[in-house]
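Enquirer: Have a look at this prediction, sequence included:
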Amino acid sequence: MANLTEIRWHARGGQGAKTAATMLAEIVLNEGKYGQGFPDYGPERMGAPMRGFTRISDKPIRTHSAIYKPDIVIVLDPTLLDVVDVLEGTTDDAVVLINTHLSRDEMKKKLNTGGRKLGVLDATKISLDAIGRPIPNTPMLGALVKATNVIKLDTLRDDVRKKFAKKFPERVIQGNLDAIEKAYEEVDVS
């Protein structure tokens with residue numbers, strides 16, 4: 001039986017969920033795993049709610065559908081919590097990571113997470129401080145690594161450096177690496 005991890009990303013267009021979902025699927029290849037990443041859009045416009053999906057497995061992935069029972073849920077925009085049931089399809093052992101300025105206790109009350117593991121961090125602030133733009137996807141990748149160990153932190157850092165070197169100056173690359181590190185250090189999941 002294949003070890004399969006399914007991740008569902010919730011965001012608004014322009015926050016980098018599509019990029020993070022597909023990039024993570026490519027990164028896992030460097031650890032000898034199989035990956036699949038793709039977006040699911042509603043109205044295709046900046047700011048519209050959207051979902052991204054990532055599958056990671058030690059065997060080839062034959063499923064090509066949306067993820068309905070995610071092991072991990074990542075929320076890049078906390079305003080979606082009032083619009084979308086981000087916990088839909090999750091079991092009590094799912095991991096939920098939310099970009100928010102609220103504390104974990106405040107978020108547990110707001111979201112009623114039950115026995116699910118919950119991690120919160122202000123990824124928007126981290127990205128503003130490190131990158132200069134409110135794009136929380138790379139900090140949330142750092143938080144994901146810490147919370148789940150789906151890949152190694154070194155693998156994430158190395159791949160981000162390689163991929164970003166093709167299109168961004170060193171200050172942007174370093175800002176993203178700093179954002180990943182800061183999120184990795186700050187997130188606490190329980």
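Expert: Arrived safely, thanks for sending. Here the structure is a predicted model, which means the values were calculated and not measured.
Enquirer: all helices of the chain, in order?
Expert: Remark: helices assigned in the chain by DSSP state H are 17-27, 104-111, 123-131, 137-148, 153-165, 170-186.
Enquirer: quick one: contacts for residue 117?
Expert: The neighbours of residue 117, taking C-beta atoms under 8 Å, 6 or more residues apart in numbering as the test, are 93, 94, 95, 96, 147, 189, 190. C-beta: built from backbone N, CA, C; applies to glycine.
Enquirer: How about residue 160?
Expert: 23, 138, 141, 173, 176, 177, 180.
Enquirer: Count the residues that sit near the fourth one.
Expert: Spelled out, it's residue 173. 18 (other C-beta atoms under 10 Å).
Enquirer: now the fifth one
Expert: Residue 176 has 25 neighbouring residues, counting by other C-beta under 10 Å.
Enquirer: now swap in the last one and tell me
Expert: Under the neighbour criterion other C-beta under 10 Å, residue 180 is assigned a count of 25.
Enquirer: Likewise for residue 33?
Expert: Residue 33, neighbours per other C-beta under 10 Å, totals 18.
Enquirer: ok, now how distant is residue 40 from residue 188?
Expert: Distance of residue 40 to residue 188, given as C-beta to C-beta, to the nearest Å: 30 Å.
Enquirer: out of the helices of the chain, deepest packed?
Expert: Mean neighbour count (mean count of other C-beta atoms under 10 Å) peaks for helix 137-148 among those, with a mean of 26.
Enquirer: Which pLDDT value goes with the closest residue to residue 88 other than its chain neighbours?
Expert: Leaving out its chain neighbours, the residue that sits closest to residue 88 by C-beta to C-beta, 6 or more residues apart in numbering is residue 68, at 8.0 Å. Note for residue 68: predicted pLDDT of 95.
Enquirer: ditto for residue 44
Expert: pLDDT for residue 44: 58.
Enquirer: Return the residues in contact with residue 128.
Expert: When contacts are taken as C-beta under 8 Å, 6+ apart, residue 128 is in contact with residue 134.
Enquirer: Against residue 6, how distant is it?
Expert: Counting by C-beta to C-beta - residue 128 and residue 6 are separated by 30 Å.
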